[in-house]
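Engineer: Give me the fold of what follows.
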Amino acid sequence: MSDRPRQPHTQQPHIHPFLKGNFAPVINEYVSHPCKVVHGEIPPELVGGQYIRNGGNPVYPPEQGRHYHWFDGDGMLHGVFFGSQPMYTNRQLATPLLSMTLLLLRSPLPSIALLISPLSSLHRIVVAIIQAFFIAVRARMGVLSVANTSVIWWGRGLGSGESDEDEVEEALEDDDQRLLATCESGPPLEVRLPELQTVGWDRLKDADSDETLASRRGTWQWWKRYGLSRVQEDWITAHPRVDPIDGSLILYSTQMFDAPHVRYSVIDRKGRHVVWKQGIDVGRAKMMHDFAATRTRTILLNLPLTLAPHNLFSRPPVPLIHFDRSLPSEFVIFPRLLTSSQEVVRFQDPEPSLIFHTANAWDELDLTGELKGIHMLGCRFRSAKLVYAAGAVDVPLVEKDYGENDVVRLQYYRFDMEHTKEAPAISHSFPLSAIPFEFPTLPAHMGMSSARYVYGCTMQAGSFDERLGGAAKVDCIAKIDVLELIQRGQERGKGKNMEPVDSRSSAQILADWEQGIKGPIELFRFPQGWYAQEPRFVPKEQAHSEDDGYLLTYVYDEVYLESDGTPSTAPYAGSELWVIDARNMAQGMSALVARIKLPQRVPYGLHGTFVPASSIRRQRGLCEGLPPQDLLQDQVARSRLQHFVSIVFNRPMYREKSRVERIILAVMLPVGLAMFALAVQEAVLYATS
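Structural biologist: Numbering: from 1, shown residues only. Next up, the predicted model:
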């Protein structure tokens, strides 16, 4: 631990809360940098594997007063490879948008904060979208994704339930597994381990049919060939699911401009498209971040967070991304191998809610193997305050009212599957605990089954939505015995009950364990001033129980922040990777197995994964070598120099414009004048109101 004295930090109201402290981006990249183990030893289960975490890292953060949202930013991976000694690598994902950002010295995309702000006028949103669209066309980028949300490991041969025949067939085939970085606004991006080099967009091609994510389902109407819906054709969710038994990849995509607004796909462990872009009716376009899947069913979260262009033209107008409280919370459930819309069953909770992440889902079968019910766990908000707080946007009054004392909790749902033809019903719905709980994770091999333990992030005081306005920080990791709490909750009776099964606060849970009073919730509390990120579970090779394994998480000591909140760049001021004994985590620091010191800090980010040595050995080969990927710090220095030289020497006073440019300018000039007139009108109305 650092001996540096802690000091209060001076408030910096002019800096966005998600661009200061350890939320601030980093520019320096390291490749296979050796790291020192400052405490303990590396467990053998980690040797030869790599831990990778994704998150937004804006190369050119917006200037003061401009919109920014925590979900913006170019994607950057931070990884630790456990070789003969730990090796740290961080690489910015080399997307076309990154190249354009380096050229423009700013992001070409409008911020999510602009799209959700109640104060954003129609003309500002339209101009921002049109500008981004024409930049993309001019640069021929094709994909408007920063791939900054999550990472998954997938490919041919995954799954633990393959037959002997499959094993022989897979042994004859080339290795095809790879790491994919994901985001809602594009296809997955393949990344090479362990150096984290960007390979390129992976459109999940079917070797038999040559069908890819870019292939349109059905026949193109002539007008759709040139419509905005084509831009979204190869988008997929940021959270695809991999079945740990049969290795299937389950995913969906959302369509803002074209119905049906959700398309659902399943790819088997051999890469074949067994279900491909099957349309699911969700009423209107929604912002859907996650979903859930069991071994037999898929669950879409059709919640009231709308993402519809016609929002801008409603009366009164609302933002492009709008939480519509007139809509219920709907859960759309259908067989994994969906063949007909008649198989879709819709369960509704009249109360609007918001779930960004599900923890797990599993089937409940009777003695004959028939499906009786489906269980699901998700991190549930009662309001949309988080969406606004993560962008430092003023929360609408209606969300302030509904979101008062809103705490994101691990919510349990049971969907009755025996009476779906009569009246689909949610037989049970209740929060398992009173503590805030987000970024859930569980052992990968236990997904889609009745896992006993779920791990996630929490805090000793406050809640995620309250503290996101000042930037939420995770000072505790929780382990929840969900099966015990579900049983206790079901004993209270059927129906919806919003009283937590375990009503204790984080402080009470910690106090009980210190007194030897055990319970269904365990907390690992970090030392004062230390904050963590989403944990990842790695089981022991000879595990004696489900929780017999390790939790990996990046940790940062904020003692390294200067008095004004600026992070120190000193060599000793980096983050650490902590390895925690998950089975004994309530014992505090004695459960800390290893601490690995990194050469720089890892900004607070989003989702990660651990790839074991056996999987890395099956990473698919490349037909040809990758071109050199310059370090980010060199690219930034070169982009600034080129921009300066371009302004001073290379910008002609006049040049001949192409016919396309002249047409675009002829259209944009009157549009720009009209938008200017609207802006003047809004300013006058505001001044006189």
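Engineer: center of this protein, which residue is that?
Structural biologist: When Cα atoms, centre = their mean is applied to the chain, the residue found nearest the centroid is residue 149 (3.9 Å).
Engineer: helices and strands of this structure: which one bottoms out on pLDDT?
Structural biologist: Lowest on mean pLDDT, DSSP states H and E among the helices and strands of the chain sits helix 164-172, with a mean of 50.
Engineer: Direction included, what does the helix or strand following it pair up with?
Structural biologist: Next in sequence after helix 164-172, counting helices and strands by DSSP states H and E, comes strand 178-182. Applying DSSP bridges, strand 178-182 is found paired with strand 150-154 (antiparallel), strand 189-192 (antiparallel).
Engineer: can you list contacts of strand 178-182?
Structural biologist: For strand 178-182, the external contacting residues (Cβ atoms under 8 Å, 6 or more residues apart in numbering) are 52, 54, 75, 77, 93, 147-155, 188-193, 199, 202, 236-240, 609, 611, 619-620. The C-beta positions use only the backbone N, C-alpha and C, and glycine is treated the same way.
Engineer: Could you rerun that using 7 Å?
Structural biologist: 52, 54, 75, 77, 93, 147, 149-155, 188-191, 193, 202, 238, 240, 611, 619-620 (Cβ atoms under 7 Å, 6 or more residues apart in numbering).
Engineer: which among those end up buried?
Structural biologist: Buried by 16 or more other Cβ atoms under 10 Å: 52, 54, 75, 77, 93, 147, 149-155, 188-191, 193, 202, 238, 240, 611, 619, out of the contacts of strand 178-182.
Engineer: How far off centre is stretch 526-540?
Structural biologist: 18 Å (Cα atoms, centre = their mean, to the nearest Å).
Engineer: what are the ranges of the helices in the stretch 101-250 of the chain?
Structural biologist: For the stretch 101-250 of the chain, applying DSSP state H, counting those that start in this stretch gives helices covering 112-116, 122-139, 164-172.
Engineer: any idea which of the ones you listed scores lowest on pLDDT?
Structural biologist: Lowest mean pLDDT within those: helix 164-172, a mean of 50.
Engineer: Kindly list the longest helix within the protein.
Structural biologist: Using DSSP state H, we find that the single longest helix of the chain is helix 659-688.
Engineer: what mean pLDDT does that helix have?
Structural biologist: For helix 659-688, mean pLDDT is 82.
Engineer: From the contact counts, what lies against that helix?
Structural biologist: helix 122-139 (3 or more Cβ pairs under 7 Å, 6 or more residues apart in numbering; DSSP states H and E).
Engineer: Report whether residue 625 is found in a helix, as I expect.
Structural biologist: No: applying DSSP: H, G, I helix; E, B strand; the rest coil, one finds residue 625 to be coil, outside a helix.
Engineer: Give me the pLDDT for it.
Structural biologist: pLDDT at residue 625 comes out at 83.
Engineer: contacting residues around the closest residue in space to residue 488 that isn't next to it in sequence?
Structural biologist: Residue nearest to residue 488 in three dimensions, not counting chain neighbours: residue 501, with 5.1 Å by Cβ to Cβ, 6 or more residues apart in numbering. By Cβ under 7 Å, 6+ apart, the residues touching residue 501 are 430, 432, 433, 485, 488, 489.
Engineer: change it to 10 Å
Structural biologist: Under the criterion of Cβ atoms under 10 Å, 6 or more residues apart in numbering, the neighbours of residue 501 are 410, 412, 430-434, 482, 484-492, 520.
Engineer: which among those end up buried?
Structural biologist: 410, 412, 430-434, 482, 484-486, 489, 520.
Engineer: Show me these that map onto helices.
Structural biologist: 482, 484, 485, 486, 489.
Engineer: roughly how far apart are residue 231 and residue 261?
Structural biologist: Here the distance between residue 231 and residue 261 works out to 15 Å (Cβ to Cβ, to the nearest Å).
Engineer: more neighbours, the two?
Structural biologist: Neighbours were counted for residue 231 and for residue 261 using other Cβ atoms under 10 Å; residue 261 has more, 22 against 18.
Engineer: where does the stretch 1-150 of the chain have low pLDDT?
Structural biologist: 1-14, 64-65, 118-125, 129-130, 132-142 (pLDDT under 70).
Engineer: Please enumerate the strands of it.
Structural biologist: Assigned by DSSP state E, counting those that start in this stretch, the stretch 1-150 of the chain shows strands spanning 30-34, 36-40, 50-53, 76-82, 86-92, 150-154.
Engineer: what's the first-to-last distance across stretch 200-215?
Structural biologist: 18 Å (Cα to Cα, to the nearest Å).
Engineer: Numbering from 52 from now on, please.
Structural biologist: Sure, I'll start counting at 52 from here, so that last one is stretch 251-266.
Engineer: What residues of it count as buried?
Structural biologist: Result for stretch 251-266 [16+ other Cβ under 10 Å]: buried residues 252, 253, 254, 255, 257, 262, 263, 264, 266.
Engineer: Which residue lies closest in space to the first one, excluding its sequence neighbours?
Structural biologist: Distances taken as Cβ to Cβ, 6+ apart place residue 238 nearest to residue 252, at 4.9 Å, with adjacent residues excluded.
Engineer: Local confidence estimate at the one you found?
Structural biologist: Reported pLDDT for residue 238: 94.
Engineer: ok, it - contacts?
Structural biologist: Residue 238 neighbours (Cβ under 10 Å, 6+ apart): 193-194, 196, 198, 231, 251-255, 263-265, 284-287, 304.
Engineer: for the helix or strand residue 430 falls within, what is the average pLDDT?
Structural biologist: Taking DSSP H and E as the definition, residue 430 sits inside strand 422-432. The predicted model assigns strand 422-432 a mean pLDDT of 96.
Engineer: Residue 128: what's it in contact with?
Structural biologist: Residues in contact with residue 128 (Cβ under 10 Å, 6+ apart) are 103-106, 108, 140-144, 198-199, 202, 230, 232, 242, 244, 247, 249, 656, 659.
Engineer: What separation is there between the spatially closest residue to it that is not a sequence neighbour and residue 138?
Structural biologist: Distances taken as Cβ to Cβ, 6+ apart place residue 247 nearest to residue 128, at 4.9 Å, with adjacent residues excluded. Using Cβ to Cβ, residue 247 is found at 11 Å from residue 138.
Engineer: So which of these two has more stuff around it?
Structural biologist: Between residue 247 and residue 138, counted using other Cβ under 10 Å, residue 247 has the larger neighbour count: 26 against 19.
Engineer: Just checking the distance from stretch 680-697 to the centre of its chain.
Structural biologist: On the basis of Cα atoms, centre = their mean, stretch 680-697 is displaced by 29 Å from the centre of the chain it belongs to.
Engineer: Ok, stretch 227-244 next?
Structural biologist: 13 Å.
Engineer: One more: stretch 725-738?
Structural biologist: Averaging C-alpha positions (Cα atoms, centre = their mean) puts stretch 725-738 37 Å from its chain's average.
Engineer: Cool, thanks, talk later.
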